[in-house]
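Engineer: coords below, sequence missing:
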């Protein structure tokens, strides 16, 4: 049932449409494009309603009677003037889809229905995401494009059902390591931010098939990116390291005793040394540091707190065989070495990363 879009009849038509819906017991009601400033409290009588759309109006609030729509699964309030998400929406027990795009929201709600599968908050004024996002355990699609976000909370990693995450057009500089916990993520849109580095944990998102990082501040990609099988990967308009090898002399450094000991401990623990594992477990801080140990890209030996950042260049089509992209050319992929001894060895195609001179 659709309400006619004559502005001069909006209030009367709204009430008439609600009464007609009440009589026919329709499960779908559209009140779109009518410059409505409020909804009739009579809407709360439509307890059988499953779909309600009131987009492109001038709504500033919703009547509390909306909470009576216990069967409502789809609610579209996009294109209004809401400054916060009404509390009456948060208690809807069957709500699965909620559109609130193009409103005036400035803060992420502290409470939302845990039944949500799709949440669209595009084109608002959000600056942060509340840690309460952890309650959205069923969420599969989260759209936060074109807001004013500067960071994501680590709690984003608790959304284990998430398949699509849209964050394009924000002010993000970094991404949390916990992003790698989104093991069901298939699509990640990050274009037009200010991101300088992707977390190495992105390699854990093994189902990720679409990634757009165009228009950021990326200079290099983590090697773990090669673990993924992309169908779409866009990386244009980033200040990527150019493929211009320059010869330079590198000398073997003296590795501090603390780093030598740490590497030896990691090596023994990886050999299933029960004694060392038990001893380290008494020191959580040490355990955390050792858990983050990396492996040298040349010799395969571990390093803990001292390493050498390097880069190797691969053609995008070679790295991602099934890739569909408008971006072409060499991809600078990060590699880490345990020492200059490995860097100076032969047989690898790794380059050191040098800062350009400033004139």
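Structural biologist: Okay, I see it. Since the structure is predicted, the reported quantities are computational estimates derived from the model, not experimental observations.
Engineer: Please count neighbours and contacts with C-alpha atoms only from this point.
Structural biologist: Will do.
Engineer: Distance check, residue 305 against residue 124.
Structural biologist: 41 Å (Cα to Cα, to the nearest Å).
Engineer: who has more neighbours, those two?
Structural biologist: Neighbours were counted for residue 305 and for residue 124 using other Cα atoms under 10 Å; residue 124 has more, 22 against 14.
Engineer: The more buried one touches residue 103, doesn't it?
Structural biologist: Yes: using Cα atoms under 8 Å as the test, residue 124 is close enough to residue 103 to be in contact (5.6 Å).
Engineer: Please spell out which residues along stretch 224-238 are buried.
Structural biologist: Within stretch 224-238, the residues that qualify as buried by neighbour count (16 or more other Cα atoms under 10 Å) are 224-225, 228-230, 232-236, 238.
Engineer: Format those as CSV; extra columns: secondary structure.
Structural biologist: Formatted as CSV, these follow (DSSP: H, G, I helix; E, B strand; the rest coil):
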residue, secondary structure
224, helix
225, helix
228, coil
229, coil
230, coil
232, strand
233, strand
234, strand
235, coil
236, coil
238, coil
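Engineer: Out of those residues, which comes closest to residue 350?
Structural biologist: Among the buried residues of stretch 224-238, residue 224 lies closest to residue 350 (Cα to Cα), at 15.8 Å.
Engineer: give me every residue that touches the closest residue to the closest one other than its chain neighbours.
Structural biologist: Of all residues beyond its chain neighbours, the one nearest residue 224 is residue 203 (4.7 Å), with distances taken as Cα to Cα, 6 or more residues apart in numbering. Listed by Cα atoms under 8 Å, 6 or more residues apart in numbering, the contact partners of residue 203 are 180, 224-228.
Engineer: which two from the residues you listed end up farthest apart in space?
Structural biologist: 180 and 226, at 14.4 Å, using Cα to Cα across the contacts of residue 203.
Engineer: Any stretches of this structure with poor pLDDT?
Structural biologist: By pLDDT under 70, the low-scoring segments of the chain are 1-13, 245-252, 317-328, 354-359.
Engineer: Can you pull the domain assignment for it?
Structural biologist: The record's domain parsing of the chain by automatic domain parsing lists 7-234, 257-316+339-352.
Engineer: Please render these as JSON lines that adds distance to residue 244 to the earlier fields.
Structural biologist: Output for those, formatted as JSON lines (distance: least, Cα to Cα, whole Å):
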{"stretch": "domain 7-234", "distance to residue 244": "14"}
{"stretch": "domain 257-316+339-352", "distance to residue 244": "10"}
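Engineer: taking those together, which one is wrapped up most tightly?
Structural biologist: Ranked by mean neighbour count, the domains of the chain are led by domain 7-234 with a mean of 19 (mean count of other Cα atoms under 10 Å).
Engineer: chain center to that domain: distance?
Structural biologist: With Cα atoms, centre = their mean, to the nearest Å as the basis, domain 7-234 stands 13 Å off its chain's centre.
Engineer: What of stretch 289-299?
Structural biologist: When C-alpha coordinates are averaged (Cα atoms, centre = their mean), stretch 289-299 and its chain have centres 26 Å apart.
Engineer: Now do it: distance from first to last residue.
Structural biologist: One end of stretch 289-299 to the other measures 21 Å (Cα to Cα).
Engineer: and for that stretch, what are the contacting residues?
Structural biologist: Contacts for stretch 289-299 (Cα under 8 Å, 6+ apart): 262, 266, 301-305, 335-338, 342-343, 348.
Engineer: if I pick residue 184, what's in contact with it?
Structural biologist: So residue 184 contacts 160-163, 205-208 (Cα under 8 Å, 6+ apart).
Engineer: give me that answer again for 7 Å
Structural biologist: Taking Cα atoms under 7 Å, 6 or more residues apart in numbering as the criterion, residue 184 is in contact with 160-163, 205, 207.
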